[in-house]
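Undergrad: Sequence first, predicted model second:
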Amino acid sequence: MPELPEVQTIVEDLNKKVLGRTFVDVWADEKKIIKKSWDVFKSELIGKKIEKIFRKGKNIIFNLSGGYSMLTHLKMTGHYLYDNYDKADPMNSFIHIKFSLDNGKVLALSDLRKFAKVELKETSKIEEELEEIGPDPFEIGFEEFRKRLRTGKIKQVLMDQKKISGIGNIYSDEILWEAKVHPEKKVQNLSEKELKEIFEASKKILKTALAARGTSISDYRDTEGKKGSYGDIRKVYRKTGKECPRCGEIIEEKKIGQRSAHFCPLCQKP
DNA sequence: ACAATATCCTGCGAGC
DNA sequence: TGCTCGCAGGATATTG
């Protein structure tokens, strides 16, 4: 599922490929992904030029001409595919939206589970929406990071986009393993040292994953339909029953909230 | 005010 | 072999 490293990779690719292009047509077979009337969406989008593409948390925002912006969230299984992507991979075959561009090429949105969200609104309204989303670990220093966490189980808090954005289930597991902190530990019970470790681990893991172009254990693909390689070097996520790469203990899995957490019971004591 | 739970969706792997 | 069933999960809505 796309988290910060995957979304950032996509945004960088999109900036190289579709920045400055104008939408000439749009097609969809699953119109519920669009949050407003299809006819209105289509008529508002066509003719708009892509002036800027950026990321806020896990959201991708296209600033368009005419004071409009398109906000997209890929949720679990969404990914963008551009022009000549890898069609041999079945994961790239769940295409529900196709944006036709003025260079004759197509930007498509593939989404197996159809959870993705596409919103087209005035830029000021989109900006209001984005204010709800907290900063990612690269945008703040340690003091701000600590201030934003406050209470709750650390894994859940790390995944709360209002507090800190960009981190989901995969990287929260990896970050907490790196920082040697149990996922169920309460924020208020964490030492200064542990909080600092978590903050530093957040940046380290996300940076490493970005360099690997993300994690593609299940569904994530880049705009060419290619996989990222962080899955090959991950330590704990979906490694239940395997040995901890640091101490050799068997990795455990536990439901925290509705999410599965993977951790080493020896390195990450409760 | 906050936290726990249900909801959306569909391919896949496990189990019979 | 082929079926059924439950799981995966981000964010939001709903309930406690």
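TA: Happy to help now that I have it.
Undergrad: which one is the residue of chain A found nearest DNA strand B nearest to, not counting chain neighbours?
TA: Relative to DNA strand B, the nearest point of chain A is A:R113 (3.6 Å; C-beta to the nearest atom of the strand). Glycine gets a C-beta too; all of them are placed from N, C-alpha and C. Leaving aside its chain neighbours, A:R113 sits nearest to A:T77 (4.6 Å; criterion: C-beta to C-beta, 6 or more residues apart in numbering).
Undergrad: can you pull the contacts of that neighbour?
TA: A:M1, A:F94, A:D111, A:L112, A:R113, A:F115, A:A116, A:S218, A:D219 (C-beta atoms under 8 Å, 6 or more residues apart in numbering).
Undergrad: sec struct for the residue of chain A closest to DNA strand B, please.
TA: coil (DSSP: H, G, I helix; E, B strand; the rest coil).
Undergrad: and chain A, which of its residues are near DNA strand C?
TA: Chain A has residues A:1, A:3, A:57-58, A:73, A:75-77, A:113, A:115, A:159, A:161, A:168-170, A:238, A:255, A:258-260 near DNA strand C, with proximity defined as C-beta under 7 Å from any atom of the strand.
Undergrad: Which parts of chain A are strands?
TA: A:23-28, A:50-56, A:59-64, A:68-73, A:78-82, A:95-101, A:106-111, A:117-122, A:252-256, A:259-263 (DSSP state E).
Undergrad: ok, the fifth one near DNA strand B or not?
TA: No: with C-beta under 7 Å from any atom of the strand as the measure, strand A:78-82 is seen stopping short of DNA strand B, the closest distance being 11.7 Å.
Undergrad: ok and that strand relative to strand A:68-73, angle-wise?
TA: Orientation check (axes from the mean of the first three to the mean of the last three C-alpha atoms, to 10 degrees): strand A:78-82 against strand A:68-73 gives 120 degrees.
Undergrad: So which bits of stretch A:97-111 are buried?
TA: Within stretch A:97-111, the residues that qualify as buried are A:I97, A:F99, A:S100, A:L101, A:V106, A:L107, A:A108, A:L109, A:S110, A:D111, counting by 16 or more other C-beta atoms under 10 Å.
Undergrad: Same check on stretch A:239-255?
TA: Neighbour-count burial for stretch A:239-255 [16+ other C-beta under 10 Å]: A:K239, A:C244, A:I251, A:E252.
Undergrad: check contacts around the last one.
TA: In this case it means A:E252. By C-beta under 8 Å, 6+ apart, the neighbours of A:E252 are A:T240, A:H262, A:F263, A:C264, A:P265.
Undergrad: Bridge partners for it, pull those for me.
TA: A:F263 (DSSP bridges).
Undergrad: distance of it from A:G241?
TA: According to C-beta to C-beta, to the nearest Å, A:E252 stands 9 Å off from A:G241.
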